[in-house]
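>>> Give me a 3D structure for the following:
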Amino acid sequence: MLLAAHISRHGTMTDWMDASILDENDPTKRDPELDLYNPDNPNQPPYTAEFLERYHQAQIARNRRITKWVKEKLAELKAAGRPDDEFAVVVHGTMADPRWLDPSVDPNERTPGTCYLGDPQVVNMSPVGLARFCT
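Take a look at the predicted model:
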């Protein structure tokens with residue numbers, strides 16, 4: 001997918017991004033009410049429309065924070081006369097789409113609690129998540 005990324009990859013990345021992560025440098029800092037995999041989260045499937053909207057807005061906000069940081073890093077490298085330097089980034093929590101836990105969101109025949117890589121809770125913070133390592 002990364003080698004032949006399609007035009008809607010930005011949508012997929014945002015839709016699968018873990019909205020609960022508050023600090024990219026410490027992904028353990030989370031909003032517990034947005035953590036899909038926290039059993040103490042009061043928002044459990046089936047999710048309300050209000051929760052899904054709040055979750056999606058938090059996904060967009062996280063995407064924009066990461067994008068802002070990346071643009072600042074690129075500008076910093078350019079200003080230092082090193083525009084061709086590569087800088088690797090780890091993006092934690094890239095497998096947290098509510099559809100994987102709540103079959104009423106975008107209904108189809110998938111089994112709740114699964115994604116194409118297996119258990120989404122495990123994959124969300126494992127090294128095999130979508131676009132986990134970026135340059």
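>>> Looking at this structure, which residue reaches furthest from the middle?
Computed with C-alpha atoms, centre = their mean, the maximum C-alpha offset from the centroid of the chain is found at residue 81, amounting to 31.8 Å.
>>> Spit out the contact partners of that one.
Contact partners of residue 81, counting by C-beta atoms under 8 Å, 6 or more residues apart in numbering, are absent. Where you see a C-beta, it was placed from the backbone N, CA and C, and this is true even at glycine.
>>> Ok, residue 86 next?
The contact partners of residue 86, by C-beta under 8 Å, 6+ apart, come to residue 135.
>>> Report the secondary structure state of it.
coil (DSSP: H, G, I helix; E, B strand; the rest coil).
>>> Name the nearest residue to the residue most central in space within the chain, sequence neighbours excluded.
Per C-alpha atoms, centre = their mean, the C-alpha nearest to the average position across the chain is that of residue 17, at 1.4 Å. Spatially, and ignoring its direct neighbours in sequence, residue 17 is nearest to residue 59 (4.8 Å; C-beta to C-beta, 6 or more residues apart in numbering).
>>> distance of that neighbour from residue 31?
Separation of residue 59 from residue 31 (C-beta to C-beta, to the nearest Å) stands at 12 Å.
>>> what do these two both touch?
Common neighbours of residue 59 and residue 31 (C-beta under 8 Å, 6+ apart) are residue 19.
>>> can I assume residue 90 is in contact with residue 135?
No: distance between residue 90 and residue 135: 10.8 Å, which falls outside the contact criterion (C-beta atoms under 8 Å).
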